[in-house]
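> Got a predicted model here, sequence first, then my questions.
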Amino acid sequence: MRKILLLIVNTAFSQFQIGPKFGMNFSKNKAKSTGDISKILTDDFNKNVRTKTGINVGLMFNFGGDHVFNFQPEFMYVSKGFRTVDNNGNISYTQKNNYLDINWLFNLGKTVNNKWRVYGIFGPTTDIWLSKASYDKDGKFEDGSDNFKFDEVDDNISYTDIRFDIGFVLGAGFKYKLGPGWLIFSPRYKWGFIPQASAQFLTNESDYLYLKNKGFYLDFGYAFQFGGEKNE
């Protein structure tokens, strides 16, 4: 057993990649409800919510190189959120949220030839909500919207922000061997499982409205190769 573990570790670290990543995301929140009052507001929110375009930038690692199965952790700063529209279809509200996304991803694929590698991406994520801000229809910052809430009561409603999320990523990756490493394109979809904002209606304490993250990501990057196959 010890020899097998040593072989796995040596194989992984013998082909090590590291490099910067950047890109954009198209994200929005999905509302859920647990009661009659919250259902009305939830239906209204989901009808009027729209995606918001944000940026991603960070660093990726890859252990395994050209093997069929390998491990790819990523550390990304992500700006995301959502927008809502009024009855005329005009933007009425914009929410901007900034996160540190830590993606614990696995790659499953193969090197097609000496230049191309194609693979699937999947794995869990742990995300930390760093900051937030809200803007009105004229793009003006709303005072106090950058303050996180915890059991904050306003008009018989208790508001709470949860600053930690666990999610899942599913997507694809394409690598092209260029120079000392690989040029990368990686489209993916991401679901958040933990509600990031909730509202409890105190007239019925089992009645909640809460928002979850989801979005489509387009990532680009360059991974420097250390060990393993040599570039032509």
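Good, I have the coordinates.
> all contacts plus neighbour counts: C-alpha atoms, from now on.
Will do.
> ok, the residue positioned nearest the centre of the chain - contacts?
Nearest residue to the geometric centre of the chain (CA atoms, centre = their mean): residue 190, 5.5 Å. Contact partners of residue 190, counting by CA atoms under 8 Å, 6 or more residues apart in numbering, are 167-170, 214-217.
> What is the nearest of those to residue 128?
The nearest member of these to residue 128, counting by CA to CA, is residue 167 at 11.3 Å.
> Wait, residue 45 touches residue 33, no?
No - checked against CA atoms under 8 Å, the pair residue 45 and residue 33 is beyond contact range at 11.0 Å.
> Show the average pLDDT along the helix or strand encompassing residue 23.
Counting by DSSP states H and E, the element that carries residue 23 is strand 16-33. The average pLDDT for strand 16-33 rounds to 95.
> before we move on, the earlier item: what helix or strand does the residue nearest to the centre of the chain sit in?
Using DSSP H and E, residue 190 maps to strand 181-192.
> Would you mind pulling the contact partners of whichever helix or strand comes after that strand?
Scanning forward in sequence from strand 181-192 by DSSP H and E, the next helix or strand is strand 197-201. Here strand 197-201 makes contact (CA under 8 Å, 6+ apart) with 37-38, 156-162, 206-212.
> Strands along this structure, start to end?
Listed in chain order, the strands of the chain (DSSP state E) span 16-33, 49-50, 52-63, 69-85, 91-111, 116-136, 152-154, 157-161, 164-178, 181-192, 197-201, 208-226.
> From residue 179, how far out is residue 22?
As judged by CA to CA, to the nearest Å, residue 22 and residue 179 stand 19 Å apart.
> In terms of neighbours, single out the busier of those two.
A direct count of neighbours by other CA atoms under 10 Å for residue 22 and residue 179 places residue 22 higher, at 18 against 11.
> For the spatially closest residue to that one that is not a sequence neighbour, name its beta-bridge partners.
Nearest non-adjacent residue to residue 22, counting by CA to CA, 6 or more residues apart in numbering: residue 57, 4.2 Å away. Using DSSP bridges, the bridge partners assigned to residue 57 are residue 22, residue 77.
> Residue 57 contacts residue 21, correct?
Yes - contact criterion CA under 8 Å: residue 57 and residue 21 qualify, at 5.6 Å.
> Surely residue 223 is in contact with residue 178?
No - using CA under 8 Å, residue 223 makes no contact with residue 178, being 9.6 Å away.
> out of the two, which sits in the more crowded spot?
Between residue 223 and residue 178, counted using other CA under 10 Å, residue 223 has the larger neighbour count: 23 against 16.
> So for that one, what's the pLDDT?
Residue 223 is assigned 93 on the pLDDT scale.
> okay, now the nearest residue to it once chain neighbours are set aside: neighbour count?
Excluding the flanking residues, the one nearest residue 223 by CA to CA, 6+ apart is residue 19, at 4.2 Å. If you count neighbours by other CA under 10 Å, residue 19 ends up with 19.
> got it, and residue 15?
Per other CA under 10 Å, the neighbour tally for residue 15 reads 19.
> Quick check: residue 120 vs residue 19, distance?
19 Å.
> what about the protein, any weak spots by pLDDT?
Applying pLDDT under 70 to the chain flags the ranges 1-14, 65-66, 228-232.
> Let's see that with 80 instead.
Filtered on pLDDT under 80, the chain yields the residue ranges 1-15, 64-67, 110-112, 227-232.
> The residue nearest to residue 223 against residue 226, yeah?
No - using CA under 8 Å as the test, residue 19 is too far from residue 226 to be in contact (11.2 Å).
> CA-only coordinates of stretch 170-181 in PDB, if you can.
Written as PDB, here are the backbone C-alpha positions of stretch 170-181 (Å, rounded to 0.1, in the frame of the first residue of the first chain):
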ATOM      1  CA  LEU A 170     -19.000  21.200 -14.000                       C
ATOM      2  CA  GLY A 171     -17.400  22.100 -17.300                       C
ATOM      3  CA  ALA A 172     -14.700  21.400 -20.000                       C
ATOM      4  CA  GLY A 173     -11.100  22.300 -20.600                       C
ATOM      5  CA  PHE A 174      -9.000  22.800 -23.700                       C
ATOM      6  CA  LYS A 175      -5.200  23.100 -23.600                       C
ATOM      7  CA  TYR A 176      -2.900  24.000 -26.400                       C
ATOM      8  CA  LYS A 177       0.800  23.500 -26.000                       C
ATOM      9  CA  LEU A 178       2.600  26.800 -26.600                       C
ATOM     10  CA  GLY A 179       6.100  27.700 -25.600                       C
ATOM     11  CA  PRO A 180       7.100  26.400 -22.100                       C
ATOM     12  CA  GLY A 181       3.500  25.600 -21.100                       C
END
